[in-house]
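Participant: Sequence first, then the predicted structure:
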Amino acid sequence: MAASWNDLIAIPTRDAILDKFIGLLRLAGFPVASWHSGSFQKHTVETESTLFTDVTSLIQTLAKAGSIRYAAEVGDVWVDLCATDSFSETRKPSVYTQGKWTLYDTGGIGPVTIQPGSFWVGNADGSRRFINIDSAPVTLPLNGSVQLTIQAESPGSQWNVGVGTLTEILTPQPGLEGSNEADPATGTWITQQGADVEANTSLVERCLNKWATLGSGANDGAYAYHATRTDSEITRCRVYSPYGGAVRVVIAGPSGPVSITSLLAAAARVAAMRPLGVPDVLVLNASVRTDPIAGVLSLPANTNPNTALVAAQAAIDSLARATQIGARVSREKVIWALMNTTPDDLELTSPAADFQLGDNEIWVPNYSGLTVA
């Protein structure tokens, strides 16, 4: 019998098993020293040693598959099975990015009526395309502006592009211009963040946090569990107490504050599960800190500048998604992310140093100062 978890998942080497077999046979009186290479006896012991190694490998696989902490080492399907069977939790699906895009009649051709599902916009290199999903036709007045609701072509967090990056009108319409401008109230253009299929790390953390709900529920893990399980858009959560007896549950999506629908769902869930003795519990949307990424990327010869900028922005977006609420943002990590795209050199002017996010803040980069040379 295994003495511990480590004993259970340890795989002895074939040579170690062979030595063990030969030692036992020697104690039993078998003339193991006289077995020459290729003999039936030695071949049998060697074969048994190999088979036993295969069996222990299978035992390790099954042991890991049955533990939510180790199932990812075996495969995603085992994480799903363990989460479902042991915790009654399922992996959250992917979500489409939605947001507001402002259209301007710069050519004086209005009024122009935009039908639902007929107007495509994108980023500089056309790798991120969005279509309008307004429920009714939207009319652009003469020399005026109007906001369209747009949705990404595919689901996923990579579609949560930065403010001001969707400037290409892919549906031919001379005289019109537009961009995904930030809402002054939220600091972002996104109304529903795109999200990837829930990662193993997130699903495992949610399953482990569920243990915290078995008590009164008045602990960080329980609050985080209830807040994050309500909606696929919620991918980040921070629980803290600003003063005695108060609890603040701050939530965010991959690239910014979550939609009102997601916020209300999380707040309702936490309120329903809140212990009666803890009255001051609030679920808050994260606030945005839009520190700019500014500098010059020196590109190799024959490199497309638009493609280089898109790759650089995608790298920083990935870093921002991995930055937790209230964390410290490292300037060195920004440099590392940018230099791992296409440039030969980089002159980074912002951020000039590491900076600390506030208790309720997430980092949403702005790229207005990032250029190529």
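Facilitator: All right, it came through fine.

Participant: worst-scoring helix or strand of this structure, pLDDT-wise?
Facilitator: helix 5-9 (a mean of 70; mean pLDDT, DSSP states H and E).

Participant: Tell me which stretches of the chain form helices.
Facilitator: Taking DSSP state H as the criterion, the chain contains helices spanning 5-9, 14-27, 40-65, 76-87, 200-210, 220-228, 260-273, 305-322, 331-339.

Participant: of all these, which lies closest to G164?
Facilitator: Of all the helices of the chain, it is helix 305-322 that lies closest to G164, at 10.4 Å by CB to CB. No exception for glycine: its C-beta is placed from N, CA and C like everyone else's.

Participant: could I have the closest one exported to CSV, CA atoms only?
Facilitator: C-alpha atoms of helix 305-322 as CSV (Å, rounded to 0.1, in the frame of the first residue of the first chain):
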residue,chain,number,x,y,z
PRO,A,305,4.3,48.2,-39.8
ASN,A,306,0.6,47.5,-39.3
THR,A,307,1.2,43.8,-38.6
ALA,A,308,4.0,44.7,-36.2
LEU,A,309,1.8,47.1,-34.3
VAL,A,310,-1.0,44.6,-34.1
ALA,A,311,1.4,41.9,-32.8
ALA,A,312,2.8,44.3,-30.2
GLN,A,313,-0.7,45.3,-29.0
ALA,A,314,-1.7,41.7,-28.8
ALA,A,315,1.3,40.9,-26.7
ILE,A,316,0.6,43.7,-24.2
ASP,A,317,-3.1,42.8,-24.2
SER,A,318,-2.1,39.2,-23.2
LEU,A,319,0.0,40.6,-20.3
ALA,A,320,-2.8,42.9,-19.2
ARG,A,321,-5.3,40.0,-19.1
ALA,A,322,-2.9,38.0,-16.9
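
Participant: buried ones in it?
Facilitator: 307-317, 319-321 (16 or more other CB atoms under 10 Å).

Participant: Show the contacting residues for C82.
Facilitator: Residues near C82 by CB atoms under 8 Å, 6 or more residues apart in numbering: 65-68, 71, 207.

Participant: Ranking by neighbours, what's the top pick from these?
Facilitator: A71 (24 neighbours; other CB atoms under 10 Å).

Participant: Pull out the buried positions in stretch 25-37.
Facilitator: Quick answer for stretch 25-37 (16+ other CB under 10 Å): 32, 35.

Participant: For that stretch, which outside residues touch it?
Facilitator: Looking at what lies outside stretch 25-37 - CB under 8 Å, 6+ apart - the contacts are 22, 41-42, 45.

Participant: start to end distance for that stretch?
Facilitator: Using CA to CA, to the nearest Å, one end of stretch 25-37 lies 17 Å from the other.

Participant: got it, and stretch 142-155?
Facilitator: Span of stretch 142-155 from end to end, CA to CA: 34 Å.

Participant: any chance of the helices of the chain in TSV, with distance to L357 too?
Facilitator: Below are the helices of the chain laid out as TSV (distance: least, CB to CB, whole Å):
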stretch	distance to L357
helix 5-9	37
helix 14-27	51
helix 40-65	36
helix 76-87	30
helix 200-210	20
helix 220-228	18
helix 260-273	19
helix 305-322	11
helix 331-339	14
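
Participant: closest one to V161 among those helices?
Facilitator: With CB to CB as the yardstick, what comes closest out of these is helix 305-322 (7.2 Å).

Participant: how much does that closest one deviate in direction from helix 331-339?
Facilitator: Orientation check (axes from the mean of the first three to the mean of the last three CA atoms, to 10 degrees): helix 305-322 against helix 331-339 gives 140 degrees.

Participant: Check the spacing between N200 and T61 real quick.
Facilitator: Shown here: N200 relative to T61, a distance of 16 Å by CB to CB, to the nearest Å.

Participant: pLDDT below threshold where in the stretch 201-350 of the chain?
Facilitator: 217 (pLDDT under 70).

Participant: before we move on, the earlier item: buried ones among the contacts of stretch 25-37?
Facilitator: Buried among the contacts of stretch 25-37 by 16+ other CB under 10 Å: 22, 45.

Participant: pLDDT and distance to P137 added to the contacts of stretch 25-37, as TSV?
Facilitator: Formatted as TSV, the contacts of stretch 25-37 follow (pLDDT from 0 to 100; distance: CB to CB, whole Å):
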residue	pLDDT	distance to P137
I22	80	84
Q41	80	87
K42	78	84
V45	79	81
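
Participant: Which residues are in contact with T139?
Facilitator: T139 touches 111-114, 146, counting by CB under 8 Å, 6+ apart.

Participant: quick one: it from Q147, how far?
Facilitator: T139 sits 12 Å away from Q147, taking CB to CB as the criterion.
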